[in-house]
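A.B. asks: I would like the atomic coordinates for the input below:
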Amino acid sequence: MKVKMNNSGMRDLFAGIAKKIEDADRKFRAQYEGHPVAEVKPRVKAAFASIGVNLPEQQIADYAKAVSAREPFKWVLK
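C.D. replies: The predicted model follows:
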């Protein structure tokens, strides 16, 4: 099976993924921002897995630190 996708389709796909991540980030931060990293980190994986995003361990750790410190986080999906 061969799937063809044009540039517009790819942009729409990535925009949809970015929107899901932004929404999940906003909800997650509303609940856990400023909490200790040890409390935040175990909840990151489940929160993002619920929207179909599987994060590598290092990204989970970095994100948990950012949420705990109330700092921005730069999302890089690979």
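A.B. asks: Look up how far A46 lies from N54.
C.D. replies: 11 Å (CB to CB, to the nearest Å). Heads up, the C-betas are built off the backbone N, CA and C, glycines and all.
A.B. asks: Please apply the same query to A15.
C.D. replies: From A15 to A46 the distance is 25 Å (CB to CB).
A.B. asks: go on, S68?
C.D. replies: 17 Å.
A.B. asks: Same drill for these two, tell me which one is more crowded.
C.D. replies: A direct count of neighbours by other CB atoms under 10 Å for S68 and A46 places S68 higher, at 18 against 8.
A.B. asks: mind checking pLDDT for the residue most central in space within the chain?
C.D. replies: Nearest to the mean C-alpha position of the chain, counting by CA atoms, centre = their mean, stands I21 at 4.7 Å. What the model reports for I21 is a pLDDT of 93.
A.B. asks: which SS state does it fall under?
C.D. replies: With DSSP: H, G, I helix; E, B strand; the rest coil as the basis, I21 sits in helix.
A.B. asks: which SSE is V53 in?
C.D. replies: In the assignment (DSSP states H and E), V53 maps to no helix and no strand.
A.B. asks: what residues are up against it?
C.D. replies: 17, 20-21, 24, 77 (CB atoms under 8 Å, 6 or more residues apart in numbering).
A.B. asks: Now list the buried members of the residues you listed.
C.D. replies: Neighbour counting by 16 or more other CB atoms under 10 Å classes 21, 24 among the contacts of V53 as buried.
A.B. asks: Turn the contacts of V53 into a markdown table, including distance to Q59.
C.D. replies: Shown next, in a markdown table, are the contacts of V53 (distance: CB to CB, whole Å):
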| residue | distance to Q59 |
| --- | --- |
| I17 | 15 |
| K20 | 16 |
| I21 | 12 |
| A24 | 14 |
| L77 | 9 |
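A.B. asks: which pair in the contacts of V53 spans the largest distance?
C.D. replies: A24 and L77 (12.9 Å; CB to CB).
A.B. asks: Which helix or strand contains F73?
C.D. replies: Using DSSP H and E, F73 falls within no helix or strand.
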